[in-house]
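Q: need a 3D model of the sequence below.
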Amino acid sequence: MRYKIYEHRYTFQGNFAYAANCIEHALDMMGHEKVEENADLHIYNHTCRDLEPDMPENSVIFKPTAPTSKHFQIDTLGYANSSSITFNRPGFDSRKIDNTEWNYINDLIKERANKWDDSIMLKWKEAKNIKDDHVLIIGQKPDDETVNGFGFGDHWKKLCMIINKLEDENLVIKLHPSEDRKLQMEAKTIEKWKEKGHQVITGYQSIHSVLPKTRVAIVENTTAGIECMMHDVPIISYGYPDYHWITKDLRILTELKGYINDMSWFNQRISRKFLIWYIFDYLCYDIPSTQNRLGEILNANI
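A: Numbers count the residues shown, from 1 in each chain. A predicted model of the protein is given here:
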């Protein structure tokens, strides 16, 4: 089979280059040939079929993701909340967890792993004086595709509505570390949050130093949900992330306080099963895991 890799949305640097190299080497080892024309398999990055009307039927899409800079997703439909596992429940229910796998998760926590951990430009700090037993609200970049294109509606307005709804709760608000423009535009709003006693975290502070004191996290579609699962933190999601199978699905704001006060909906065992399946069985992180994932897709006759 002949394949072509398109440097379509992002140039192949850093974790994109690592993923592309793994895919190329895996396909070569499987006996396939890289070409520039007349390909049988087309490989794109950081997009979804809905955005690419000219994408051939026999295509796959890859995208780096959490928990480390070496992990990436390969899917036939898209990435994150546009991927096929968002809409078709994956087979994680029967997944067994052994101590070696969970020890690996604990090692990632100790190492403060994240999807940018290969960057020499980003200096992650430990968050200090985090409030005990808090409700963690995690913000994303409002123009991020996963909340503005895949998900829809104004992410910042939804975030503010949730914070206002929970104004009497013990809140920690972790905003996206690179969202400087939004922080400047909304400085007065953020200052009001602080005046009400909410703790606001900005900049590159490790979420691993926050989650040990988190009672429950509220997210839209962020990959930080993976770190929440690593710490056994219950998740309420008001978007539709690909891991929504183990979150409490918030559709109506009037139900939010009830979900926080009674968390009997949370099942730690199921949450761990999904996390282990996602990291070890679904995501790719080296050439053998990439071969396995591509084999699954190709055998399914994409």
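Q: can you tell me the distance between the two ends of stretch 144-154?
A: Distance across stretch 144-154, first residue to last, is 11 Å (C-alpha to C-alpha, to the nearest Å).
Q: got it, and stretch 200-218?
A: 14 Å.
Q: and the strands in the chain, which stretches?
A: Remark: strands assigned in the chain by DSSP state E are 2-5, 33-34, 41-45, 59-64, 72-75, 125-126, 134-138, 171-174, 199-201, 205-206, 214-219, 235-237, 248-249.
Q: so for Asn292, which of those strands sits nearest?
A: Counting by C-beta to C-beta, Asn292 lies closest to strand 72-75 out of the strands of the chain; the figure is 10.2 Å. Placement of C-beta: from N, CA and C, glycine included.
Q: tell me what the closest one is packed against?
A: Contacts defined by 3 or more C-beta pairs under 8 Å, 6 or more residues apart in numbering; DSSP states H and E place strand 72-75 against helix 14-29, strand 59-64, helix 287-299.
Q: sorry, back to before: so which of the strands of the chain is nearest Leu294?
A: It's strand 72-75; of the strands of the chain, that one is closest to Leu294 (C-beta to C-beta) at 6.7 Å.
Q: list the buried ones in the closest one?
A: Phe72, Gln73, Ile74, Asp75 (16 or more other C-beta atoms under 10 Å).
Q: count of neighbours near the closest residue to Trp265 other than its chain neighbours?
A: In space, Trp265 comes closest to Lys248 once its chain neighbours are excluded; the distance is 5.1 Å by C-beta to C-beta, 6 or more residues apart in numbering. Residues near Lys248, counting by other C-beta atoms under 10 Å, number 19.
Q: my read: Lys248 touches Asn267, true?
A: No - taking contacts as C-beta atoms under 8 Å, Lys248 lies outside contact range of Asn267: 10.5 Å.
Q: would you mind measuring the gap between the ends of stretch 53-65?
A: First residue to last in stretch 53-65 (C-alpha to C-alpha) measures 25 Å.
Q: identify each buried residue in it, please.
A: So, applying 16+ other C-beta under 10 Å, buried residues of stretch 53-65: Met55, Ser59, Val60, Ile61, Phe62, Lys63, Pro64, Thr65.
Q: and that stretch, how far out from the chain middle?
A: 18 Å (C-alpha atoms, centre = their mean, to the nearest Å).
Q: stretch 181-188 now?
A: With C-alpha atoms, centre = their mean, you get 24 Å for stretch 181-188.
Q: give the buried residues for it.
A: Lys182, Leu183, Glu186.
Q: same question for stretch 188-199.
A: For stretch 188-199, by 16+ other C-beta under 10 Å, it's Ile190, Trp193, His198, Gln199.
Q: and the residues you listed as CSV, adding pLDDT and distance to Glu24?
A: Below are those laid out as CSV (pLDDT from 0 to 100; distance: C-beta to C-beta, whole Å):
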residue, pLDDT, distance to Glu24
Ile190, 94, 44
Trp193, 97, 47
His198, 98, 47
Gln199, 98, 45
